[in-house]
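K.L.:
A structural model of the following input is requested.
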Amino acid sequence: MSQTTETHTETRAPNASAQHAATSPPSQEETGKRLLSVVIPAYNVESYISECLASVFKQPDLDKYVDVIVIVDGATDTTLEMVDSTLDHFGTRAEVRFQENGGLSAARNAGLLLATTDYVTFLDGDDVWLDNYLESVLPYLLNSNNDVDILEYDAIRMTEDGRQLYRWKVAAAPEGEVQQITRDKFIDVFRCYSWARVFRTALVRTHPFPSGRRYEDSATTPWYYWDSRQSLSVGTPLIGYRVRAESILASPRAQDIDDIAATTREAADMYARTKTTYWQRVAHYSFQQACGRIVYQPLRTWSASIRLSRDAVAGVPPPAGHMRWLQMHATFLYTYLLYLKNSSERAFIRFAPPKLVRLLFPRR
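P.N.:
Have a look, this model is predicted:
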């Protein structure tokens with residue numbers, strides 16, 4: 001299949017033509033009473049996209065409730081062909097769009113423009129829905145008494161070959177429980193991953209993902225909780241997150257510090273406007289995230305990166321606590337302590353028995 005530099009869309013049905021012709025987003029009549037859109041950005045994930053799509057297509061009642069939107073973001077491998085063959089195999093309807101490479105934020109935003117449902121979720125092209133995903137989230141979305149804006153849940157971390165490693169605690173609710181949570185409860189955990197949540201579509205559209213910036217979830221998820229009227233937390237893993245060498249977490253760049261500093265400044269500006277502890281904590285957690293990425297950069301760059309990050313949070317007093325004071329007033333030492341902590345944890349996780357890792361790091 002030829003790929004061009006133009007943007008193309010198509011609505012795929014069973015045995016549809018492989019030609020990607022431009023179309024308009026599906027109308028409400030076409031989508032019927034579907035409730036949820038899943039936006040799947042896919043860039044050079046030829047080895048994983050079929051498994052990803054299969055995990056979605058195997059969900060019971062998928063066609064009744066879910067619109068599938070795949071954004072092939074300028075892939076240079078056979079990702080697009082794998083999407084086509086998987087759709088043909090399952091005979092499942094999906095909206096497929098091929099566009100020039102713009103990064104994860106641009107792909108998510110493109111999918112968001114195509115969504116016509118009340119709710120939207122995001123699934124990276126190398127991750128999977130667990131078997132109980134749809135049956136677990138639907139009751140909360142269909143219950144009019146909930147009127148939920150955000151539904152969060154846990155994940156399972158996987159190796160590149162799909163082997164499950166351990167439970168990754170993202171949701172604020174304890175394991176096996178379901179709770180209504182406040183924005184402050186979210187900030188206690190502060191794991192911002194968009195793929196671990198279902199959002200009301202209108203909520204996400206008020207604050208799109210920042211194009212060209214990595215760590216886009218940290219730049220958006222706090223805003224969604226700030227604007228949310230009701231958030232539910234489900235202490236159950238519903239998604240498999242694949243750890244790959246090419247992932248953002250595993251491939252730090254110097255630009256990451258600039259991107260996180262931009263997010264920190266936005267949170268600091270909100271603190272200046274609102275004087276709330278929420279934005280105070282967001283700003284300093286973002287600053288902490290910057291320190292956590294500085295440790296992966298060459299030591300000679302630490303001082304400049306620390307100055308940039310600390311300047312971004314200037315004017316926002318640190319929350320109470322010795323570590324927050326240390327983070328703000330002795331940032332180099334704080335960053336070095338993070339380096340020692342991360343190094344020892346990585347070494348332990350690499351060589352220790354998996355059961356012991358899960359016991360000692362239950363929130364990873």
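K.L.:
quick check: the closest residue in space to residue 119 that isn't next to it in sequence vs residue 59, distance?
P.N.:
The shortest distance from residue 119 to any non-neighbouring residue, by C-beta to C-beta, 6 or more residues apart in numbering, is to residue 36 (4.6 Å). Just so you know, the C-beta spots here come from the backbone N, C-alpha and C atoms, and that holds for glycine as well. With distances taken as C-beta to C-beta, to the nearest Å, residue 36 is found 11 Å from residue 59.
K.L.:
identify the contacts common to the two.
P.N.:
Residues touching both residue 36 and residue 59 (C-beta atoms under 8 Å, 6 or more residues apart in numbering) are residue 66.
K.L.:
and the pLDDT at the residue nearest to residue 119?
P.N.:
Looking at residue 36, its pLDDT reads 97.
K.L.:
can you check residue 111 too?
P.N.:
On pLDDT, residue 111 comes in at 97.
K.L.:
measure it to residue 197 for me?
P.N.:
Applying C-beta to C-beta, the value for residue 111 to residue 197 is 15 Å.
K.L.:
what's the answer for residue 58, then?
P.N.:
21 Å.
K.L.:
more crowded one of the two?
P.N.:
The neighbour comparison of residue 58 against residue 197 (other C-beta atoms under 10 Å) goes to residue 197, with 25 against 15.
K.L.:
thought the more buried one was touching residue 123?
P.N.:
No: contact between residue 197 and residue 123 fails when scored by C-beta atoms under 8 Å: they sit 11.1 Å apart.
K.L.:
can you show me the strands along the chain?
P.N.:
Secondary structure of the chain (DSSP state E): strands at 8-12, 36-42, 66-73, 94-99, 119-122, 128-129, 150-158, 164-168, 178-181, 197-200, 231-242.
K.L.:
which stretch among these comes nearest residue 334?
P.N.:
When those are compared by C-beta to C-beta, strand 164-168 sits nearest residue 334, at 24.7 Å.
K.L.:
residue ranges in the chain under the pLDDT threshold?
P.N.:
Within the chain, the set of residues satisfying pLDDT under 70 comprises 1-33, 245-252, 345-364.
K.L.:
outline the domain layout of it.
P.N.:
Using automatic domain parsing, the domain parsing of the chain gives 8-242, 255-360.
K.L.:
tell me which of these is the most buried.
P.N.:
domain 8-242 (a mean of 19; mean count of other C-beta atoms under 10 Å).
K.L.:
chain center to that one: distance?
P.N.:
Averaged C-alpha coordinates place domain 8-242 at 9 Å from its chain's average position (C-alpha atoms, centre = their mean, to the nearest Å).
K.L.:
same check on stretch 293-305?
P.N.:
Centre-to-centre, stretch 293-305 and its host chain are 25 Å apart (C-alpha atoms, centre = their mean).
K.L.:
likewise for stretch 316-333?
P.N.:
27 Å.
K.L.:
let me see the residues that make contact with that stretch.
P.N.:
For stretch 316-333, the external contacting residues (C-beta under 8 Å, 6+ apart) are 267-268, 271-272, 277, 279-281, 283-284, 287-288, 291, 302-303, 306, 309-310, 313, 334.
K.L.:
residue boundaries of the helices in the stretch 101-250 of the chain?
P.N.:
For the stretch 101-250 of the chain, the helices defined by DSSP state H, counting those that start in this stretch cover 104-114, 133-142, 183-189, 201-205, 221-227.
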